[in-house]
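Enquirer: Any chance you could fold what I've pasted below:
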Amino acid sequence: MSPPRRVLVRGAGVAGLACAVALAEAGATVTLAEAGPTIGSGASWKAGGMLGPWCEAETAPAGLVELALPALDWWRRQVPATRSAGTLVLALSRDGGELARYARRTEGHRTLDAGQLDALEPAFEGRFGRALFYPGEAHLDPRAALPALAHRLRALGGVVLTGRPDIPDGRFDDVVDCRGHAAREVLPGLRGVRGEMLLLRAPGVGLSRPVRLLHPRTPVYVVPRDDDVFMVGATMIESEERGPPRLRSMMELMGAAYALHPGFGEAEILEFAADLRPAFGDNMPRVVRDGATLHVNGMFRHGFLLAPVLAGQVVDAVLGGGSEPPAALVPLSRMR
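Expert: Model (predicted):
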């Protein structure tokens, strides 16, 4: 019997953690190295954590729903606190056309009238006349899910190193590079898309599931977490500028939250944050081979939704012995 393959995974965002856990579960000896000081030092920590394949299909390429569906069960297995409460999509009365357009572009939903919406989400009683409900969707808190994956990796015998960007590759059979935007210098075509988010504590709101509020210019989402905390996000700005959030973005996010529910007017502001989502030109991910290194990158706004699928592709590529993994999300390409 041959010894387990030794694999170095670089980057402990959602892609790196998912790949590391999947490889360890498949029998590899895994070392996970994060350049930042803690697990989740990058963009994954600021994500909404929505597992919404039907909603994401509104703007994503065809086929995303079918490819992403296994992610929901994967997350429920890895993070039992994953909530399967579905997603609500709403629009203010002046934006009713946006709701109709959204319904035409997506599947997996049913239309609720005012009474049905109020029964499902009493916090909205009397505020909206119509909604779309996607009952098959789920959500999680990235700030609980990422440490849970790190704990799972350690339980499988994996090693987790933080603050260590320069682990030598030589003692590993394979390297999986999941560094996100930090890998831009070795991945032609990778860009950063700036996103800004807001974290609020609002005891007077009481939502139990993610809500997407449609707007022709600035659609936003609100995701409930424990202890009356809500994540409000997120801007998408074609800019690679780093730095703190901008006033205009925060005003838009806060205004949308208040329009959704007046209880947000009394919310405690816990955090403003911004980071760069890694993306390729078509906003779909890539698994790129460069010798013994697999680059896993470009998940754009679909990180938690697609990470388990990409992790399965990586396991096939590393442990399956082939250059073309079966059921690949995207064709496995090689560096030129």
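
Enquirer: Low-confidence bits of this structure, can you list those?
Expert: Along the chain, segments meeting pLDDT under 70 span 165, 321-336.

Enquirer: Recalculate using a threshold of 80.
Expert: 1, 61-64, 164-166, 168-169, 216-218, 321-336 (pLDDT under 80).

Enquirer: where along it do the helices fall?
Expert: 14-25, 53-56, 64-78, 96-105, 114-120, 142-155, 247-260, 303-319 (DSSP state H).

Enquirer: which of those sits most buried?
Expert: helix 14-25 (a mean of 28; mean count of other C-beta atoms under 10 Å). (Each C-beta comes from the backbone N, C-alpha and C, glycine too.)

Enquirer: Give the other helices and strands that that one contacts.
Expert: strand 6-10, strand 29-34, helix 142-155, strand 174-177, strand 293-297, helix 303-319 (3 or more C-beta pairs under 8 Å, 6 or more residues apart in numbering; DSSP states H and E).

Enquirer: Now render the helices of the chain as a markdown table, adding distance to residue 162.
Expert: Conversion of those to a markdown table gives the following (distance: least, C-beta to C-beta, whole Å):
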| stretch | distance to residue 162 |
| --- | --- |
| helix 14-25 | 12 |
| helix 53-56 | 30 |
| helix 64-78 | 20 |
| helix 96-105 | 40 |
| helix 114-120 | 41 |
| helix 142-155 | 9 |
| helix 247-260 | 30 |
| helix 303-319 | 19 |
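
Enquirer: For residue 150, see how far away residue 318 is.
Expert: 20 Å (C-beta to C-beta, to the nearest Å).

Enquirer: right, so of the helices of the chain, which gets closest to residue 287?
Expert: Relative to residue 287, the nearest member of those by C-beta to C-beta is helix 303-319, separated by 5.4 Å.

Enquirer: Would you map out the domains in this structure?
Expert: The chain breaks down by automatic domain parsing into domains covering 6-47+141-186+281-334, 87-135+191-279.

Enquirer: picking that back up, just so I know, which of the helices and strands packed on helix 14-25 lies nearest residue 63?
Expert: Closest to residue 63 of the helices and strands packed on helix 14-25, according to C-beta to C-beta: helix 303-319, at 11.4 Å.

Enquirer: Which other helices and strands does the closest one contact?
Expert: Judged by 3+ C-beta pairs under 8 Å, 6+ apart, the packing partners of helix 303-319 are helix 14-25, strand 50-51, helix 64-78, strand 174-177, strand 286-290, strand 293-297.

Enquirer: What degree of burial does the nearest residue to residue 16 once chain neighbours are set aside show, as a neighbour count?
Expert: Of all residues not flanking residue 16 in the chain, residue 178 sits nearest, at 3.6 Å (C-beta to C-beta, 6 or more residues apart in numbering). Using other C-beta atoms under 10 Å, residue 178 has 31 neighbouring residues.

Enquirer: need the strands for the stretch 151-300 of the chain, in chain order.
Expert: 159-162, 174-177, 191-201, 211-214, 220-224, 229-233, 268-279, 286-290, 293-297 (DSSP state E, counting those that start in this stretch).
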